[in-house]
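Asker: sequence unknown, structure follows:
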């Protein structure tokens, strides 16, 4: 699968997640920040519908049953697998490992090592994922509304980082329409 095709599929899944699950990111959802694991679950659920059936979308897949080694530690001392992976279970190598997704609600407030493309690339290289993406929702909340401005930073196994810095997932007008649809859907 080509990078542009995969980016389109991830964008569709993110759009579906934001519109259908807006209450996950809206302040009315509670007093705490949205859980990245919960958002990742819904993103993976939506992504599964856009990917060929030969691929598996998992939030956690332990091939060996071993303790996660340091190259898989995405939060420094905290041991945690990537948020999402798209792969073919039980098989190794780039032909069977398509995508590694690392997600954060807001990289500016995240812990060191979180939402870091270099850290995601270390895992990408270790397990041979063709593509890796750090998806930063850049979620800002005030008392009444949520503001989301998703950015992503992609890397390929062969070429490394695709861009020097994260880039916006949506143009301003597309994002404004998406957020309006999401908010309107909540008022049903």
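Answerer: Received it, and whenever you're ready, just let me know what you need. Quick caveat: nothing in here was measured; it's all calculated off a predicted structure.

Asker: any idea how far the nearest residue to residue 1 once chain neighbours are set aside lies from residue 151?
Answerer: Taking CB to CB, 6 or more residues apart in numbering, and ignoring the residues beside it in sequence, residue 1 has residue 98 as its nearest neighbour in space, at 6.6 Å. C-beta: built from backbone N, CA, C; applies to glycine. Residue 98 sits 21 Å away from residue 151, going by CB to CB, to the nearest Å.

Asker: out of these two, name the residue with the larger neighbour count.
Answerer: Between residue 98 and residue 151, counted using other CB atoms under 10 Å, the more crowded position is residue 98 (21 against 17).

Asker: by contact count, what packs against the helix or strand encompassing the more buried one?
Answerer: Element membership for residue 98 (DSSP states H and E) is strand 97-104. In this structure, strand 97-104 packs against helix 3-20, helix 36-48, strand 84-87, helix 117-127, strand 131-136, with contacts taken as 3 or more CB pairs under 8 Å, 6 or more residues apart in numbering; DSSP states H and E.

Asker: residue 89 contacts residue 54, doesn't it?
Answerer: No: judged on CB atoms under 8 Å, residue 89 makes no contact with residue 54 at a distance of 10.8 Å.

Asker: have a look at those two and say which one is more surrounded.
Answerer: residue 89 (11 against 8).

Asker: give me the pLDDT value at the nearest residue to the more buried one once chain neighbours are set aside.
Answerer: Among residues not flanking residue 89 along the chain, residue 56 sits closest, at 5.0 Å (CB to CB, 6+ apart). Per-residue confidence (pLDDT) for residue 56: 94.

Asker: quick check: residue 56 vs residue 134, distance?
Answerer: Counting by CB to CB - residue 56 and residue 134 are separated by 21 Å.

Asker: now what about the strand holding residue 98, what contacts it?
Answerer: If you take CB atoms under 8 Å, 6 or more residues apart in numbering as the criterion, strand 97-104 is touched by 1, 6, 10, 36, 39-40, 43-44, 51, 55, 74, 82-88, 110, 114-115, 119-120, 123-124, 127-137.

Asker: list buried residues within those residues.
Answerer: 6, 10, 36, 39-40, 43-44, 51, 55, 74, 82-87, 114-115, 119-120, 123-124, 127, 129-137 (16 or more other CB atoms under 10 Å).

Asker: understood, closing this out.
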